[in-house]
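Novice: model this:
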Amino acid sequence: MNAGTRQGGVGGYSDAVVSGSRKVNVIARYRRTFLAALVAALSVIAGHVPAQAANEWGDEILYFVLIDRYANGDRANDVQVDVRNPGAFHGGDLKGLASRLDELADLGITAIWINPVQKQMPRGVFAQAPARLRVPDFMHWG
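Specialist: As a prediction, this is how the structure comes out:
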């Protein structure tokens, strides 16, 4: 056998490695001990973790929030805000949403769903939409 090749083994693991004329057991001796210790450690850890009931979304009272329309918590980050224009940015931000979470909880809301948080492209991508269907034509794209 060539130097450095592996012999036998199960699942690609070798019981021995042949290096020159010396045979050195590397895995077989420790494999069972390691696996037994791992199973014992995981059993101890699992015994101390309390079981939790599955969170069913059907049990939640969900409230959908368009962040830029909901609450403006920091006027310092307002850029091109025009609340009179339905297609423009209205200034709402995550800080504003966070400041009003207690109000939502008082209404019985247990979960919120927010619109995707990303910077919108100005005036859309015209190559992907018909000429008459552009960002200013869709108020919810604001």
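
Novice: state the pLDDT value of D15.
Specialist: Looking at D15, its pLDDT stands at 47.

Novice: before we move on, what about the one 5 residues further on?
Specialist: According to the model's per-residue confidence, G20 sits at a pLDDT of 50.

Novice: quick check, F89 in contact with N72.
Specialist: No. At 10.3 Å, F89 does not count as touching N72 under the criterion of CB atoms under 8 Å. Any C-beta I mention is one placed from the backbone N, CA and C, and that applies to glycine too.

Novice: common neighbours of the two, please.
Specialist: Listed as contacting both F89 and N72 by CB atoms under 8 Å, 6 or more residues apart in numbering are V81.

Novice: of those two, who's got more company?
Specialist: Taking other CB atoms under 10 Å, F89 and N72 do not tie; N72 has more neighbours (19 against 16).

Novice: SS state for that one?
Specialist: coil (DSSP: H, G, I helix; E, B strand; the rest coil).

Novice: tally of neighbours for H90?
Specialist: By other CB under 10 Å, the residues close to H90 number 19.

Novice: V79 is in contact with that one, correct?
Specialist: No. Using CB under 8 Å, H90 is not in contact with V79, being 11.8 Å away.
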